[in-house]
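Student: Here's my sequence, what's the structure:
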Amino acid sequence: MDYTILLKEENDAIKERYELSMGRIKGLETEEMKLPYGGYFKRTAAFIRQIDGMVERRKDKRGWDSLSLDELQRENNALYQDILPDHYDRSWANPDYAVAALGDGFGPLLSFLYTEIRADIVYAFEMRLTQITILNEVFLEIYNLFAAAWQEGRETPDQQAVKDALYWFVSDYTDLTVTWRVREGLDPKLSFGTDIIMNSDLTDLRYLYQYGEYISEAELKIASFMNRLPQEVIQRMADTYTEGYRRGFEVMGRDLTKKKTVVVEYQLGFERMIRKAVENFRAMGLEVIVYRAAVETVNRRANGRRGYYGTPANRQYDYDHRYDSALYMGNGFKERKLAVLKAAYEEYRKEAAWCAGPALVETFGEDGFTPVNKKTALGLNAHQEELTAAYANESRQIINQYMPQDETSFTIIAFPTPEIGADFEEIFRETIRINTLDYEKYQRIQQRIIDALDEAQYVIITGKDKNETSMKVMLHPLKDRTKETNFENCVSDVNIPLGEVFTSPLLTGTEGLLHVSSVYIGDYQFKNLRMWFENGRVTEYSCSNFECEDGAESHKRTGNGGDSRSKKGEGTGAGIESGSDGSEGRNQGRALIKQVIMQGHRWLPLGEFAIGTNTTAYAMARRFHIENKLPILIAEKMGPHFAVGDTCYSFSEDSPMYNPDGKEMIARDNEISRLRKADMSRAYFSCHTDITIPYSELGDIKAVSENGTEVWIIRQGRFVLEGTEALNEALKEA
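Tutor: Below is the predicted model of the structure:
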């Protein structure tokens, strides 16, 4: 069924309300309003009228198709110009500007509302008139509060009345917003994105402007480059991606034939590869679901985007609004959202059972991002952080009821974007090579490492030169080494490229210091990251991101884009003025770690220890000087890595897992995840953050048996175990 036909009944039902609200908003153009708030309402109403014009143009498909590439670019720029960096200093979306113009009481509230209304852009492209209508109505409700106050001779309405109106707007409409979010991730009939991929002329770059996302030079360059690649290269890229997905089910012993859908997530510009992947998945019996990264506050993620997306129009804008949920997050809202989530999955339980899981295409190479911490931006307090973490955990449990993790799988692959620099095309081709390395060769080498590790009681990992790492990682006891193993032999399936052996360590006795001089996690670079462990739990952490040489605080952060977080308020630390002794810089460093790595938790267990073996990827990164731009997906294969949070087997610990040699991988849980049998809320943290020590900072990795026998896997950054020496060849080039 055509997507627009699917929404026709809903749009017909809302048409009268839509037209009434638009008519009222158009009338604001001639009304007298008191400044400074009148300026806010006038400009926001003008934006909404712009959206109404877009809706009318979208109805005339033929007229839209007749626009030239230049005309579409101007249209796209006009929709997003208000938040582009050159204009953001006078945008109502900028909390600094909103507070300066409207005061610290109403500024954050009205900035929140304007940000929500900007979601109208994608609603107009998808012709979701109900969403536009309810935003119109809440805008008018807030305006009427001000208008009534002016009529009574007051400058402003009661601030709590405005805040309450916004709270009930978010809360009352979770039935719509959260349910739609669940449905669009499960129902292939919501085919807006899929239709663009499969029905557009991808050689005509105008297709990119059909999404409604901001289109930067990056998307245009990616799409142009993809169009120049030979068909056999596109086929190889798609085959690696989809075959990894299929193989994941095979390796995990899960039945793919029971599934009917797969969720594809990617950055715009890769449509030529995605189209071929759709064909591959359909040949497997899977229909593809393509859904957009969330735009409304109730569904946005502070830790990045899920779905399809374009380059952010302004990363500072995303950063400023990462914690807009502070306006409404409380015990009552958390419980309501959970209830709506469960009801939505119950409504779409059949579609949930059919879904095989996500297939992600990640990108890397964006320029560094130095966000500004604004005291004016909304931020979570300590209680709200706890509620947010609790919601993440409880929502995951609900989803697992309808989409059991031991019945689904996933795959992730990554490619560079043009922002990586002048060597983009060569790096892209090298990345394809890395993604298609010899599966069997690495499987054999990694089995040598696993055989040695399976003789050990624990593993010692140390750094060299200025790296202070000194970790002791305890392993599960094996009852029968002929049938059991502690490490999974990971080659090209769910995580592409290949190249690691990993385990879920025992927590008791696992201890020490993990130190990395520079590592990218999520969207941020951490400098001199240190994490201390006792009995497998993070007890302390620090970084030097905010400490200048003179001890004062630096506000600069670097990263490779996206929407992470930090903000004023208890438990966050952003917006703190620097102290002469550097203590505030240390506080902000701890806050950044808590937000990005710990994801709001006070402590986390060590969920994974792994040894990366993809020295080819490491050599490529060193050759092109892009170590600081690689995603975790590749970086984790370039040295030993540790993950804090849940194990790799969360929610599927009781499902047997076997290596290619037939041995069962028995290290699937730890002392924390075992608590699921008594209290599920204490067993999981809904996060898993990888931290890699590069070979250049790595000293030794040695396996120590119960009788004290030591076997070196790596010595001074080089593989020394018999049968693994071939991995050093690439390191000679690094």
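Student: dump the residue contacts of M198.
Tutor: 275, 278 (Cβ atoms under 8 Å, 6 or more residues apart in numbering). In this view, the C-beta of every residue, glycine as well, is placed from N, C-alpha and C.
Student: On the three-state scheme, it is what?
Tutor: Following DSSP: H, G, I helix; E, B strand; the rest coil, we place M198 in the helix state.
Student: if I look at it, how far off is S650?
Tutor: 34 Å (Cβ to Cβ, to the nearest Å).
Student: Show me what the helix or strand containing T689 is packed up against.
Tutor: Under the criterion of DSSP states H and E, T689 resides in strand 688-692. Contact partners of strand 688-692 among helices and strands, from 3 or more Cβ pairs under 8 Å, 6 or more residues apart in numbering; DSSP states H and E: strand 506-521, strand 606-612, helix 632-635, strand 640-645.
Student: lowest-confidence stretch among those?
Tutor: Note on the helices and strands packed on strand 688-692: helix 632-635 shows the lowest mean pLDDT, a mean of 85.
Student: what does it contact?
Tutor: Residues contacting helix 632-635 (Cβ under 8 Å, 6+ apart): 362, 364, 412-414, 434, 495-497, 519-521, 614, 617, 621, 627, 641, 690, 692, 694.
Student: thinking again about what came up before, ok, and for whichever helix or strand comes after the strand holding T689, which residues are buried?
Tutor: Remark: after strand 688-692, the chain's next helix or strand is strand 698-704, criterion DSSP H and E. Of all the residues in strand 698-704, those buried under the rule 16 or more other Cβ atoms under 10 Å are 698-704.
Student: Can you give the distance from strand 698-704 to the centre of its chain?
Tutor: 32 Å (Cα atoms, centre = their mean, to the nearest Å).
Student: what's the answer for stretch 247-263, then?
Tutor: The answer for stretch 247-263 is 23 Å, by Cα atoms, centre = their mean.
Student: hmm, who's touching that stretch?
Tutor: 185-186, 188, 245-246, 281, 284-291, 351, 354-359, 406-411, 492-494, 655-658.
Student: thinking Q457 is in contact with S705, fair?
Tutor: Yes - the pair Q457 and S705 qualifies as a contact (Cβ atoms under 8 Å) at a distance of 5.9 Å.
Student: Please say which of these two ends up with more neighbours.
Tutor: Shown here are Q457 and S705; by other Cβ atoms under 10 Å, Q457 has more neighbours (17 against 13).
Student: What separation is there between the more buried one and V278?
Tutor: Taking Cβ to Cβ, one finds Q457 at 48 Å from V278.
Student: same deal with D187?
Tutor: D187 is 16 Å from V278, by Cβ to Cβ.
Student: Could you list which residues are in contact with the closest residue to Q405 other than its chain neighbours?
Tutor: Leaving aside its sequence neighbours, Q405 sits nearest to F651 (Cβ to Cβ, 6 or more residues apart in numbering; 3.9 Å). The neighbours of F651, taking Cβ under 8 Å, 6+ apart as the test, are 396, 400, 404-406, 684.
Student: What about these, which are in helices?
Tutor: 396, 400 (DSSP state H).
Student: Closest to R228 out of the contacts of F651?
Tutor: Of all these, R228 sits closest to Q405, with 39.6 Å by Cβ to Cβ.
Student: which residues does that closest one contact?
Tutor: Q405 touches 650-652, counting by Cβ under 8 Å, 6+ apart.
Student: So which residues of the stretch 51-200 of the chain form helices?
Tutor: Ranges of helices in the stretch 51-200 of the chain, per DSSP state H, counting those that start in this stretch, are 61-65, 69-80, 95-117, 120-126, 129-151, 159-172, 174-184, 192-199.
Student: Tell me how far the last one lies from the chain's centre.
Tutor: Spelled out, it's helix 192-199. 23 Å.
Student: Likewise for the shortest one?
Tutor: Helix 61-65 sits 34 Å away from the centroid of its parent chain (Cα atoms, centre = their mean).
Student: circling back: who has more neighbours out of D187 and V278?
Tutor: V278 (22 against 18).
Student: Sheet-wise, list the partners of the helix or strand hosting I289 with their directions.
Tutor: Element membership for I289 (DSSP H and E) is strand 287-290. Under the criterion DSSP bridges, strand 287-290 sits next to strand 261-267 (parallel) in its sheet.
Student: Pull the strand it pairs with out as CSV, backbone CA atoms only.
Tutor: Taking Å, rounded to 0.1, in the frame of the first residue of the first chain, the C-alpha atoms of strand 261-267 are listed here in CSV:
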residue,chain,number,x,y,z
THR,A,261,11.3,-8.2,8.7
VAL,A,262,14.7,-6.5,9.2
VAL,A,263,15.3,-2.9,10.3
VAL,A,264,17.8,-1.0,8.2
GLU,A,265,19.5,2.1,9.6
TYR,A,266,21.9,4.3,7.7
GLN,A,267,23.1,7.8,6.9
